[in-house]
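> Got a sequence here, can you build the structure:
(2 chains)
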Amino acid sequence: NAGVTQTPKFQVLKTGQSMTLQCAQDMNHEYMSWYRQDPGMGLRLIHYSVGAGITDQGEVPNGYNVSRSTTEDFPLRLLSAAPSQTSVYFCASSSGRMSSYEQYFGPGTRLTVT
Amino acid sequence: GQSLEQPSEVTAVEGAIVQINCTYQTSGFYGLSWYQQHDGGAPTFLSYNALDGLEETGRFSSFLSRSDSYGYLLLQELQMKDSASYFCAVRDAKAAGNKLTFGGGTRVLVKP
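Numbers count the residues shown, from 1 in each chain, chains lettered A, B, ... in the order given. Here you go, the predicted structure:
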């Protein structure tokens, strides 16, 4: 199993550009989430999904869109990049079973907006 | 809303014991998790407490007191490779299982 994969690893955008961060998992996990981590800080939840076709907003959703058409993929779209969105973005997945509590994180995408 | 407090940094020597405290405020508590993150890496799961008491996993242990809204991670027999940031995270009973709120992290520096 590859686990959780994210592409690209690094990205530089100009203010106003849009792009999609890709996330895929091969563990058949129902739950998937997107977090951002600013330097020296904790992770903040952007959007999350509890299954294909179901998404919801987290703590900091503004400026981002998500969709979940398949169990495996959960892309994050930046609509119009701003310097405040410079951050490291992590995708995570976990089983939907009530007894499951471990989230598996991807390697991250390091985004710089100039 | 939810909030978590943990110390920003702890320094200790190899072989020592470090305790990282985490206090939380949440409208409905389901469980407390701990994650480790090395510089430049992704967070990795360490432990989870849903009930009061101590959970031991090798050199690391995690404790929870729901009445005090408090937990801690205990790192024993510190090794250089334990230098990393450690995050506590709460899961809200009223929210989906993957809707976690993370603390700001505690940076642990292990010195020879």
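
> Spell out which residues of chain B are next to chain A.
B:31, B:33, B:35, B:41-45, B:48, B:50, B:87, B:91, B:96-105 (C-beta under 8 Å from any C-beta of the partner chain). (Glycine included, C-beta is placed from N, CA and C.)

> Could you pick out the residues of chain A near chain B for me?
Close to chain B, as judged by C-beta under 8 Å from any C-beta, chain A has residues A:31-33, A:35, A:40-45, A:48, A:50, A:56, A:58-59, A:90, A:92, A:94, A:96, A:98, A:100-108.

> now do 7 Å
A:31, A:33, A:41-43, A:45, A:48, A:50, A:58, A:90, A:94, A:96, A:101-103, A:105-108 (C-beta under 7 Å from any C-beta of the partner chain).

> buried ones in stretch B:77-92?
B:Leu78, B:Asp82, B:Ser83, B:Ala84, B:Ser85, B:Tyr86, B:Phe87, B:Cys88, B:Ala89, B:Val90, B:Arg91, B:Asp92 (16 or more other C-beta atoms under 10 Å in any protein chain shown).

> CA atoms of that stretch as CSV?
The C-alpha coordinates for stretch B:77-92 follow below in CSV (Å, rounded to 0.1, in the frame of the first residue of the first chain):
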residue,chain,number,x,y,z
GLU,B,77,14.4,7.1,28.1
LEU,B,78,14.7,10.0,25.7
GLN,B,79,16.7,9.4,22.6
MET,B,80,18.0,11.9,20.1
LYS,B,81,15.5,10.7,17.5
ASP,B,82,12.7,11.8,19.9
SER,B,83,13.6,15.5,19.0
ALA,B,84,10.3,16.5,17.2
SER,B,85,7.1,18.4,17.7
TYR,B,86,4.3,16.7,19.6
PHE,B,87,0.6,17.7,19.1
CYS,B,88,-2.4,16.8,21.1
ALA,B,89,-5.8,16.7,19.3
VAL,B,90,-9.3,16.4,20.5
ARG,B,91,-12.2,14.6,18.8
ASP,B,92,-15.6,16.1,19.5
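
> Tell me how far that stretch lies from the chain's centre.
Remark: stretch B:77-92 is offset 6 Å from the chain centroid, using C-alpha atoms, centre = their mean, to the nearest Å.

> can you count the residues close to B:Leu75?
Neighbourhood size, B:Leu75 [other C-beta atoms under 10 Å in any protein chain shown]: 23.

> At which residues are the strands of chain A located?
A:4-7, A:10-13, A:19-25, A:31-37, A:43-51, A:54-57, A:64-66, A:76-78, A:87-94, A:104-105, A:109-113 (DSSP state E).
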